[in-house]
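sequence? don't have it. structure:
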């Protein structure tokens, strides 16, 4: 592993054997001074073996193997903990999907805005020039409505609260990590809320989100329920925050 990476990229995986090699090669071709952290939940399709083979070619890859499918939120938190434990933690940490729905070539755009002093930069599907490809109209409408409702509850002027393609500053993560408790997809909302509470600078860049071409979606009904439950309790938590 490189001794002083400025950028780390967290790739949570679960059965991504069809995608993981291609996305790693594309990221490596960006020639970033980076550490690439693959956090795998004991995939049964050989994902870990592919990553281990790639480690022979790329010295900056770290594979963190977990005993079972434990949820996106815990994967991201584990990645944050690991990176902050390094002797020289990276200055910027990217999170993204490993199924190619997020284009690795947008990483430099996230970093460009982060380097202007933003603590959290979100790759947005719904800001001007952002797009979604490959979704049914019903799914797109549900996502947009969910983001509108989230915006009203969280009270942050963003267009896309649920995008997982992000860049975090090291300083933000140091402050926020002890307060992050999400286990699944609600981590996306929780990190935005913590940024608001810290008065962190939040920005968006437009991205084109393309529905996965290979493999199956890992989103489960349990995870959807956990996300919905978190959104519903946001107003009560914010009321408590005001009283304190």
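Here it is on my side, so go on. Bear in mind that the values here come from a model prediction, so they are computed numbers and not experimental data. Residues are numbered from 1 along each chain as shown.

Helices along this structure, start to end?
20-28, 47-55, 72-84, 107-114, 137-154, 170-176, 187-197, 221-243 (DSSP state H).

Run the chain-centre distance for stretch 165-172.
10 Å (CA atoms, centre = their mean, to the nearest Å).

typo on my end, stretch 81-98
If you compare the mean C-alpha spot of stretch 81-98 with that of the full chain, they lie 12 Å apart, counting by CA atoms, centre = their mean.

and if you look at stretch 158-177?
In this view, stretch 158-177 has its centroid 8 Å away from the chain centroid, taken as CA atoms, centre = their mean.

what would the helices of the chain look like in TSV with distance to residue 95, mean neighbour count and mean pLDDT?
Backbone N, C-alpha and C define where each C-beta goes, glycine included. Listed next are the helices of the chain as TSV, based on distance: least, CB to CB, whole Å; neighbours: other CB atoms under 10 Å; pLDDT from 0 to 100:
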stretch	distance to residue 95	mean neighbour count	mean pLDDT
helix 20-28	13	18	96
helix 47-55	17	18	97
helix 72-84	6	21	96
helix 107-114	10	19	97
helix 137-154	18	14	86
helix 170-176	11	18	97
helix 187-197	9	21	92
helix 221-243	16	13	53
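
Residue 125: which of the ones you listed is closest?
Distances from residue 125 to each of those were compared using CB to CB; the minimum, 7.9 Å, belongs to helix 137-154.

mind checking how far residue 94 is from residue 51?
17 Å (CB to CB, to the nearest Å).

Show the pLDDT at the residue lying closest to residue 26 once chain neighbours are set aside.
With CB to CB, 6 or more residues apart in numbering as the measure, residue 104 is the residue that lies nearest to residue 26, at 4.5 Å, once sequence neighbours are left out. What the model reports for residue 104 is a pLDDT of 96.

For residue 194, see how far away residue 104 is.
Using CB to CB, residue 104 is found at 26 Å from residue 194.

Residue 200 now?
In this view, residue 200 and residue 194 are 8 Å apart by CB to CB.

Could you do residue 33 as well?
Per CB to CB, residue 33 is found 27 Å from residue 194.

just residue 180 next, same as before
For residue 180, the distance to residue 194 under the criterion CB to CB works out to 7 Å.

list residues touching both of those two?
The overlap between the contact sets of residue 180 and residue 194 (CB atoms under 8 Å, 6 or more residues apart in numbering) is empty.

what's near enough to touch the nearest residue to residue 131 once chain neighbours are set aside?
Spatial nearest neighbour of residue 131, chain neighbours left out: residue 208 (4.6 Å); criterion: CB to CB, 6+ apart. Counting by CB under 8 Å, 6+ apart, residue 208 touches 103, 125, 130, 131, 132, 133.
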